[in-house]
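Visitor: below is the structure, and that's it, no one-letter string:
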């Protein structure tokens, strides 16, 4: 965890039946909302933003930015390696979709 702070607990919204989602431990507190807007030839590109969830961003940060193995990253987040793999897969797809389609990329806490 960065700067010796305790991890931040985050849980997806729960609606409906079934087991409640397990909370994920995040190593940083993300800002309320950050949006990356693409510009092509000096013009802002519009469209529906692609939303990356905090747990997907944390998985991407741990594995691709900090260079941890999936096992180490899963332990830090308090989830199974399979769950971490799904978070990585979903996060990669969203980032690539935003880049290829020229859509804004939104990082939100909600």
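Guide: That came through fine. Please read all numbers here as calculations on a predicted model, not as lab measurements.
Visitor: quick check, residue 74 in contact with residue 87.
Guide: No: applying C-beta atoms under 8 Å as the test, residue 74 and residue 87 come out as separate, 9.3 Å apart. Bear in mind the C-beta positions are built from the backbone N, C-alpha and C, glycine included.
Visitor: between the two, tell me which one has more neighbours.
Guide: Applying other C-beta atoms under 10 Å to residue 74 and residue 87 shows that residue 87 carries more neighbours, namely 24 against 21.
Visitor: tell me which helix or strand the more buried one sits in.
Guide: Following DSSP states H and E, the helix or strand that holds residue 87 is helix 81-101.
Visitor: can you pull out the strands in the chain?
Guide: Listed in chain order, the strands of the chain (DSSP state E) span residues 8-10, 24-26, 33-36, 39-40, 43-44, 50-52, 105-108.
Visitor: report the mean confidence score over the second one.
Guide: What it means is strand 24-26. The average pLDDT within strand 24-26 is 82.
Visitor: now do the fifth one
Guide: Summarised as a single mean, pLDDT over strand 43-44 is 82.
Visitor: given it, what are its sheet partners and their directions?
Guide: Strands that pair with strand 43-44, judged by DSSP bridges, come out as strand 39-40 (antiparallel).
Visitor: give me the contacts around the partner strand.
Guide: With C-beta atoms under 8 Å, 6 or more residues apart in numbering as the contact definition, strand 39-40 has outside contacts at 45, 102.
Visitor: show me the shaky parts of the protein.
Guide: 1-16, 30, 110 (pLDDT under 70).
Visitor: now do the contacts for residue 107.
Guide: 30-31, 33-36, 51-52, 54, 57.
Visitor: what residues of stretch 20-39 count as buried?
Guide: The neighbour-count check on stretch 20-39 (16 or more other C-beta atoms under 10 Å) flags 23-27, 30, 38 as buried.
Visitor: revised request: answer the last question for stretch 35-55.
Guide: For stretch 35-55, by 16+ other C-beta under 10 Å, it's 38, 49-55.
Visitor: let's have the residues you listed in a markdown table, adding distance to residue 99.
Guide: Below are the buried residues of stretch 35-55 laid out as a markdown table (distance: C-beta to C-beta, whole Å):
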| residue | distance to residue 99 |
| --- | --- |
| 38 | 8 |
| 49 | 13 |
| 50 | 9 |
| 51 | 15 |
| 52 | 12 |
| 53 | 18 |
| 54 | 20 |
| 55 | 21 |
